[in-house]
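>>> kindly return the folded structure for what I paste below:
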Amino acid sequence: MGEVSGMLEITGLGHSYGSHRVLNDINLKVAQGELVSIVGPSGCGKSTLLRCIAGLIQPTDGGIVLNGTRTQGVPDDLAVVFQDYSRSLFPWLTVRDNVALPLRRRGMGKQGRRAAAQQALESVGLGDAGRKYPWQLSGGMQQRVSIARALAYRPSLMLMDEPFGSVDAQTREDLEDLVLRVHRDAGMTMLLVTHDIDESVYVGDRVVVLARNPGRIAAELPVGLPSIRDQIETRGMPEFVRLRTEVGRLVRGGAQADPVATDDLNTH
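This is a model prediction of the structure:
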């Protein structure tokens, strides 16, 4: 691809809670249409970084540029999918109305909002669930609703903060594959924060590994796997095994990335 031209550019970002330095000198570019996994040990500031990008936290220092504009507050062209789907959906609204709700910010009329919500629900396999309420759905289905809501908004950037951490293993795999399909079909730029090493490799075009005390980028590893991935076949590939071993070593405190894994990162 040549040098990454960022639709998202993070420069010198740092954040402190009082005297505690959580993030330090984060520099990262994300290209249009790229899916970047962010992984690291507990306490390394993964979620804080995502909240800074989302405008939910004002970083102590550094800057964030999205689509050529320096962000101030919550960008209009951004959507976030959180881990706790039960708190992000309104139980008194139907599934369709939950998905359609943010579209008022787009200035869409009622019929347009409903049509966009239905299309998004169909894209996540919930085309028949629009008239139900969130509490009538399983946890995995509720998270699909959260993803559908983000898709309906058609953001230029989707942020996902450990979105599969509250579901069972089988549902997690199904949602990973859903995200890959949505990313492939919509060409949407995504950042996915996870604590799961295998997941970071399986879904990502690139894996960014954070170290802690304070949180900083330890390595960026391009993922040389086919764009069409399978939970069984992909995880058995030598390249997958090599990458997940390298990411695991880094997360557990390795000094630096394998030169083979990070050679000429700008070619990704």
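
>>> from here on, just use CA atoms for contacts and neighbour counts.
OK.

>>> shouldn't residue 158 be within a strand?
Yes - counting by DSSP: H, G, I helix; E, B strand; the rest coil, residue 158 is located in a strand.

>>> what about it, how many residues nearby?
As a burial measure, residue 158 scores 23 neighbours (other CA atoms under 10 Å).

>>> same thing with residue 128?
Count around residue 128 with other CA under 10 Å applied: 11.

>>> on the three-state scheme, it is what?
coil.

>>> let me see the contact set for it.
Residue 128 makes contact with residue 122, according to CA atoms under 8 Å, 6 or more residues apart in numbering.

>>> please report how far it lies from residue 207.
35 Å (CA to CA, to the nearest Å).

>>> what's the first helix or strand after the biggest helix by length in the chain?
Across the chain, the longest stretch assigned as helix under DSSP state H is helix 169-186. As assigned by DSSP states H and E, the chain's next helix or strand after helix 169-186 is strand 189-194.

>>> parallel or antiparallel, which strands does that following strand pair with?
Sheet pairing of strand 189-194 (DSSP bridges) gives strand 35-39 (parallel), strand 157-161 (parallel).

>>> out of those, which is the most enclosed?
Highest mean neighbour count among the strands paired with strand 189-194 (mean count of other CA atoms under 10 Å): strand 35-39, with a mean of 27.

>>> follow-up on the earlier one: to residue 110, which of the strands paired with strand 189-194 lies closest?
Ranking the strands paired with strand 189-194 by proximity to residue 110 (CA to CA) places strand 157-161 first, at 24.0 Å.

>>> taking the mean pLDDT, what do you get for the closest one?
For strand 157-161, mean pLDDT rounds to 92.

>>> that one: how far from the chain's middle?
Relative to the mean C-alpha coordinate of its chain, strand 157-161 is positioned 4 Å out (CA atoms, centre = their mean, to the nearest Å).

>>> where along the chain do the strands fall?
Remark: strands of the chain, listed N- to C-terminal, are 6-17, 20-31, 35-39, 61-66, 69-70, 78-81, 157-161, 189-194, 206-211, 216-222; assignment by DSSP state E.

>>> how about these in TSV, adding distance to residue 172?
Shown next, in TSV, are the strands of the chain (distance: least, CA to CA, whole Å):
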stretch	distance to residue 172
strand 6-17	27
strand 20-31	25
strand 35-39	15
strand 61-66	29
strand 69-70	34
strand 78-81	14
strand 157-161	14
strand 189-194	12
strand 206-211	19
strand 216-222	23
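
>>> most packed of these?
Mean neighbour count (mean count of other CA under 10 Å) peaks for strand 35-39 among those, with a mean of 27.

>>> report the angle between that strand and helix 169-186.
140 degrees (axes from the mean of the first three to the mean of the last three CA atoms, to 10 degrees).

>>> name the surrounding residues that touch strand 35-39.
For strand 35-39, contacts defined as CA under 8 Å, 6+ apart pick out 30, 46, 183, 189-197, 200-201, 203-210, 251.

>>> how about the contacts made by the most centrally placed residue in the chain?
Centroid check for the chain by CA atoms, centre = their mean gives residue 192 as the closest residue, at 2.3 Å. By CA under 8 Å, 6+ apart, the contact set of residue 192 is 35, 36, 37, 38, 159, 160, 161, 162.

>>> what residues are up against the closest residue to residue 85 other than its chain neighbours?
Excluding its sequence neighbours, the residue lying closest to residue 85 (CA to CA, 6 or more residues apart in numbering) is residue 143, at 5.5 Å. Residues near residue 143 by CA under 8 Å, 6+ apart: 85, 163, 164.

>>> out of those, the closest to residue 64 would be?
Ranked by distance to residue 64 (CA to CA), those are led by residue 163 at 22.9 Å.

>>> how does this structure divide into domains?
Per automatic domain parsing, the structural domains of the chain span 32-58+156-263, 86-154.

>>> where does pLDDT dip in this protein?
1-6, 254-268 (pLDDT under 70).
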